[in-house]
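Got a sequence here, can you build the structure:
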Amino acid sequence: MYTVTLLSSPKVPCLEASLLGALQTAWGGGDARWLAQGEAAEFEIGQMPANQWAVWADVQALGVDLIVQPTKGRQKKMLLADMDSTMINEECIDELAEVAGVGAYVKEITAKAMNGELDFEGALTERVALLAGLDEAIIAKVLAERISLMAGGPQLLATMKANGAYAALVSGGFTAFTSAIAAKLGFDENRANTLLTEGGKLTGKVGLPILGREAKVQALEEITARLGLTEQDVLAVGDGANDLGMLTRAGSGVALHAKPSVAAECDIRINHGDLTALLYVQGYAREAFAQV
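Numbering: from 1, shown residues only. Next up is the predicted model:
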């Protein structure tokens, strides 16, 4: 059996019962279940529809995300999440660069790297070099004034953890940020790169080895082995090219507001929903969300 999930933005719910009914009829679906009225619903079908992606494109234009996945095992035991533009709205290095006065140049490099147009390690090294000489205290200032949590993140973490899941934050960014975000959201562990400092200033260098795409796959392998889980037990979420390794290996790989080249490689694409969409695709109704 397969579960079809339809969802829209929680800020502007626009999922119509008529659309849900039409798709049920077209695909021979079972009874619909509203996960959140006007926002998210699901129903079961017997086989994967041949026109899934054509229908997906049609409903995208209506502000609706469509996911079709095997019903069995969709509630996961581990969350493996990217940080920048996934658990937070910003790219930390871009925010540091704004303070350093090189924001526009660094943002351009970041966008190309996340879209897979540039080598991640080389792009990171080049961008960090431009931060040389910044006062180390600027990190705390950027965290306090320029970094905001992605909508739905607190509910996602609280609900999955309340149901026994393990949560790991893995980033090509920096530990100075992941440690703070992990603590705020309740992640069990975090992995990222280290910004090197000397005399209270950023040196413009990154601690080696640099954690990129393969490091995220390694985290998936190491943590599941340690916990006695399989990769099928993992829900991974990210938006950039360096996330593709873990997204394609995990049982459920979610491209969240992702670059087109990244979304094209993933079966679960969330463009309209927020992080609570990751709960809906696992079958959690809104009333089952943990209080935060």
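
Okay, helices next: where are they in the chain?
Assigned by DSSP state H, the chain shows helices spanning 17-27, 52-60, 92-100, 103-114, 120-129, 138-146, 153-162, 175-185, 213-227, 244-249, 260-263, 277-280.

for this structure, which strand is longest?
For the chain, the strand with the greatest residue count under DSSP state E is strand 166-174.

Could you check the angle it makes with helix 120-129?
Angle, strand 166-174 to helix 120-129, by axes from the mean of the first three to the mean of the last three C-alpha atoms, to 10 degrees: 60 degrees.

What mean pLDDT does strand 166-174 get?
Strand 166-174 shows an average pLDDT of 96 in the prediction.

So what angle separates the directions of that strand and helix 92-100?
Going by the same axes, to 10 degrees, strand 166-174 is angled at 40 degrees with respect to helix 92-100.

rank the helices of the chain by pLDDT, which is bottom?
When these are compared by mean pLDDT, helix 103-114 comes last with a mean of 86.

ok, now how distant is residue 56 from residue 73?
Using C-beta to C-beta, to the nearest Å, residue 56 is found at 22 Å from residue 73. Every C-beta, even on glycine, is put in place using the N, C-alpha and C of the backbone.

Residue 214 now?
According to C-beta to C-beta, residue 214 and residue 73 sit 26 Å apart.

now do residue 125
Distance, residue 125 to residue 73, using C-beta to C-beta: 40 Å.

Repeat that for residue 51.
For residue 51, the distance to residue 73 equals 25 Å [C-beta to C-beta].

cool, residue 216 as well?
Applying C-beta to C-beta, the value for residue 216 to residue 73 is 22 Å.

Between those two, which is the more surrounded one?
Shown here are residue 216 and residue 73; by other C-beta atoms under 10 Å, residue 216 has more neighbours (26 against 14).

Tell me, domain by domain, which residues of this protein belong where.
1-72, 75-292 (automatic domain parsing).

What's the end-to-end length of the longest one?
So that's domain 75-292. 20 Å (C-alpha to C-alpha, to the nearest Å).

quick one: contacts for the residue of the chain most remote from its centre?
What lies farthest from the middle of the chain is residue 199; by C-alpha atoms, centre = their mean that is 35.2 Å. For residue 199, the contact set (C-beta atoms under 8 Å, 6 or more residues apart in numbering) is empty.

ditto for the one 3 residues further on
Contacts of residue 202 were listed using C-beta under 8 Å, 6+ apart, and they are 128, 131, 132, 133, 134, 135, 136, 195, 196.

which of the helices of the chain is buried the deepest?
Most buried of the helices of the chain, by mean neighbour count (mean count of other C-beta atoms under 10 Å): helix 277-280, with a mean of 26.

which residues touch that one?
For helix 277-280, contacts defined as C-beta under 8 Å, 6+ apart pick out 5, 7, 35-36, 40, 42, 65, 79, 152, 155-156, 159-160, 235, 237, 254, 256, 270, 273, 288-289.

Same question for stretch 209-217.
Contacts for stretch 209-217 (C-beta under 8 Å, 6+ apart): 80, 82, 120-121, 124-125, 170-172, 191-193, 238, 241-246, 249.

go with 10 Å
80, 82, 113, 116, 119-125, 128, 168, 170-175, 191-194, 218-219, 231, 236, 238, 240-250 (C-beta atoms under 10 Å, 6 or more residues apart in numbering).

Just the CA atoms of that stretch, as CSV, please.
Extracted as CSV, the C-alpha positions of stretch 209-217 are listed here (Å, rounded to 0.1, in the frame of the first residue of the first chain):
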residue,chain,number,x,y,z
PRO,A,209,39.0,17.8,7.5
ILE,A,210,36.2,19.9,6.1
LEU,A,211,32.8,18.3,6.6
GLY,A,212,30.9,18.3,3.3
ARG,A,213,28.6,15.9,1.4
GLU,A,214,30.5,12.7,2.4
ALA,A,215,30.6,13.7,6.0
LYS,A,216,26.8,13.8,6.1
VAL,A,217,26.6,10.3,4.6
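
when you give positions from now on, start the count at 728
In the new numbering, first residue 728, that becomes stretch 936-944.

burial measure for residue 864, as a count.
Using other C-beta under 10 Å, residue 864 has 10 other residues around it.

Quick check, residue 877 in contact with residue 1001.
Yes. Applying C-beta atoms under 10 Å as the test, residue 877 and residue 1001 come out as touching, 6.6 Å apart.

overlap in contacts of the two?
883, 983, 984.

Now distance to residue 813 too, for those, in TSV please.
Shown next, in TSV, are the shared contacts of residue 877 and residue 1001 (distance: C-beta to C-beta, whole Å):
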residue	distance to residue 813
883	11
983	6
984	8
